[in-house]
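Enquirer: Task: produce atomic coordinates for the following.
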Amino acid sequence: MASSNRSSLYFQLISSDLIQEASFGMLPFFMPMRKAISLLTLLGVMFGATAQPLIKRLKPSATLIAAHRGGLNDSLPENSMVNFKNTVARSRQLVMLEFDLRKSKNGTLYILHDATVDRTTNGTGEISTLPDDYITSLRLKDLKGRQTMERVPTFSEFLSWAKSAQVLLMLDVKADVWAEALAMVQRFDMTDRCLVLTFKPTDTRRVRAISPSIAISCLVSSANEWNSLKSQFSSWEPVMAYVSDNAIPAFLMQVSAAGIRMLTDVSEHTKHGGKVLSRHEYKEALGRMAGGILVTDYPIEVSIVADNP
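Expert: Model (predicted):
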């Protein structure tokens, strides 16, 4: 991307942030009254003074959209602050941001998917062996490998922004930093706006022990995993089942009948060659996850489908 185009994009994103901030103080003049009232009503439920656990806030007839790594955008780095802000500003509905946590040599939590910084930055090395001064000197690359001016965000930096943003969080903890990550969530008073992904029963139990009230998702891809999940919890209130996107309807009905909410992922980049799916395919996926969460690489596009059923 030419530097002039990059500057234009960054200017648009900064402008979007200003518009977004203003829109929550008064009804935006460019939004139809019906949608503005609907949005403000939803935000009142999600972020009102009487905060509720995240799962209790999910509406049975609606599907919450989660942005995988903040949403994958050719011109913006994954898991970057500029990408997170772009997704929140341009989505047609309240969005959940999925992101990954790892720890540096100095013990600082950073938002980074891979174990190394090689693919997503202009640096090299495993993040667990790298000091903070090296990590903060790095610049993130976009999906085409072009270097940007964006730095690897710290978890603290992200939470400082998210605290005052209209957004929900989905934590994918990649290293053994459960205690540090959940303590930071609690310190920023964000527990009731977070869902923690777990993919092993041992991790599910650890999260539950550290933070009993935080929402947890458990991977359920077989009858054995389903039986294990049922044996762990006497109440489904803080728990969601992470199911395969091609799970058979009978299995989904069994999970739903037990009173447990579900989430699944579309995985456009890993399963569909990175292409945006058709409107019909997204509508079908949203319908399957009614009352739950749909994780997608293209949250803005999916929000448009959800906003115009």
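
Enquirer: Who are the packing partners of the longest strand seen in the chain?
Expert: Ranked by residue count under DSSP state E, the longest strand found in the chain is strand 95-103. Contacts defined by 3 or more CB pairs under 8 Å, 6 or more residues apart in numbering; DSSP states H and E place strand 95-103 against strand 64-67, helix 81-90, strand 109-111, helix 155-162, strand 168-173. Backbone N, C-alpha and C define where each C-beta goes, glycine included.

Enquirer: Tell me, how many residues neighbour the closest residue to residue 80 other than its chain neighbours?
Expert: Ranked by CB to CB, 6 or more residues apart in numbering and with sequence neighbours excluded, the top spatial neighbour of residue 80 is residue 150, at 4.5 Å. Close neighbours of residue 150, defined as other CB atoms under 10 Å, add up to 20.

Enquirer: and residue 133, which of the three is it?
Expert: Following DSSP: H, G, I helix; E, B strand; the rest coil, residue 133 is assigned to helix.

Enquirer: So for it, what pLDDT did the model give?
Expert: For residue 133, the model assigns a pLDDT of 98.

Enquirer: Wait, a helix at residue 197?
Expert: No. Remark: residue 197 does not belong to a helix; assigned using three-state DSSP, it is strand.

Enquirer: Direction included, what does whatever helix or strand residue 262 lives in pair up with?
Expert: Residue 262 is part of strand 261-265 when elements are defined by DSSP states H and E. Taking DSSP bridges as the criterion, strand 261-265 pairs within the sheet with strand 239-242 (parallel), strand 293-296 (parallel).

Enquirer: Tell me which of those strands is the most buried.
Expert: The highest average neighbour count among the strands paired with strand 261-265, using mean count of other CB atoms under 10 Å, belongs to strand 293-296 at a mean of 26.

Enquirer: re the thing from before, wait, which of the helices and strands packed on strand 95-103 is closest to residue 132?
Expert: Among the helices and strands packed on strand 95-103, the nearest to residue 132 by CB to CB is strand 109-111 (8.8 Å).

Enquirer: what's that closest one in contact with?
Expert: With CB atoms under 8 Å, 6 or more residues apart in numbering as the test, strand 109-111 has contacts from 79, 99-104, 127, 135, 152-156, 158, 177, 180-181, 184.

Enquirer: Give me the buried entries from those.
Expert: Among the contacts of strand 109-111, those buried by neighbour count (16 or more other CB atoms under 10 Å) are 79, 99-104, 127, 135, 152-155, 158, 177, 180-181, 184.

Enquirer: what residue ranges in the stretch 51-200 of the chain are flagged as low confidence?
Expert: Within the stretch 51-200 of the chain, the stretches with pLDDT under 70 are 51-53.

Enquirer: can you give me the helices in the protein?
Expert: 3-23, 33-47, 54-57, 81-90, 132-135, 155-162, 178-187, 201-210, 223-232, 249-257, 268-271, 279-288, 299-307 (DSSP state H).

Enquirer: Distance to residue 64 for these - can I get that in a markdown table?
Expert: Below are the helices of the chain laid out as a markdown table (distance: least, CB to CB, whole Å):
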| stretch | distance to residue 64 |
| --- | --- |
| helix 3-23 | 19 |
| helix 33-47 | 10 |
| helix 54-57 | 9 |
| helix 81-90 | 14 |
| helix 132-135 | 32 |
| helix 155-162 | 16 |
| helix 178-187 | 18 |
| helix 201-210 | 20 |
| helix 223-232 | 21 |
| helix 249-257 | 16 |
| helix 268-271 | 18 |
| helix 279-288 | 10 |
| helix 299-307 | 9 |
